[in-house]
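Participant: Fold the following, please.
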Amino acid sequence: MSLLKIFDVAGSGMAAQSTRLNTTASNLANADTLSGSADTAYRAKEPLFSAAMKQSRGTQSDPESASGGVNILGVTESQAPIDSRYEPGNPLADADGKVYSSNVNPIDELVNMISASRSYQNNVEVMNTAKQLMLKTLDLGK
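Facilitator: So this is what the prediction gives:
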């Protein structure tokens, strides 16, 4: 594997964690929103990722030609149930006096945010280490 492919792999990991952080921020911003129906209530967003194996050149049996990374498949909505509560005085209440809140769990989102942030930092460290190793390799010729 070429040393430059390390940057591709870490970069795709950073992009994935950035998407994860953005969806977490969106979820936390909408955690306390209310709606007049269960259909229009905010649903937590969840990013979908897959591992990627790419063949750059060479044959399929040549492991040196393969590189990996992360593919961002998209963002889906959580299928967790929407909470409802009886608030007949609320202007958003439906005919039965119910309002519907988002299905965002703030504790899960904070854990997600910490995990994504640390994964992003780890990918930055991988890039910095690879850069330092390349610079040290160049210094060997002096």
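
Participant: Quick check: which element contains the most centrally placed residue in the chain?
Facilitator: Centroid check for the chain by Cα atoms, centre = their mean gives residue 20 as the closest residue, at 1.9 Å. Secondary structure from DSSP states H and E places residue 20 in helix 5-29.

Participant: List the contacts of whatever helix or strand comes next after that helix.
Facilitator: Counting by DSSP H and E, the element after helix 5-29 in chain order, helix or strand, is strand 34-35. Here strand 34-35 makes contact (Cβ atoms under 8 Å, 6 or more residues apart in numbering) with 41-42, 90, 92, 99-101. (Each C-beta comes from the backbone N, C-alpha and C, glycine too.)

Participant: tell me what the helix holding residue 20 is packed against?
Facilitator: Where contact means 3 or more Cβ pairs under 8 Å, 6 or more residues apart in numbering; DSSP states H and E, helix 5-29 is packed against strand 45-55, strand 66-77, helix 106-139.

Participant: now the contacts of strand 34-35 in a markdown table, with neighbour count, pLDDT and distance to residue 128?
Facilitator: Shown next, in a markdown table, are those (neighbours: other Cβ atoms under 10 Å; pLDDT from 0 to 100; distance: Cβ to Cβ, whole Å):
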| residue | neighbour count | pLDDT | distance to residue 128 |
| --- | --- | --- | --- |
| 41 | 19 | 94 | 43 |
| 42 | 22 | 96 | 38 |
| 90 | 14 | 92 | 51 |
| 92 | 14 | 91 | 49 |
| 99 | 20 | 96 | 49 |
| 100 | 22 | 95 | 46 |
| 101 | 17 | 95 | 43 |
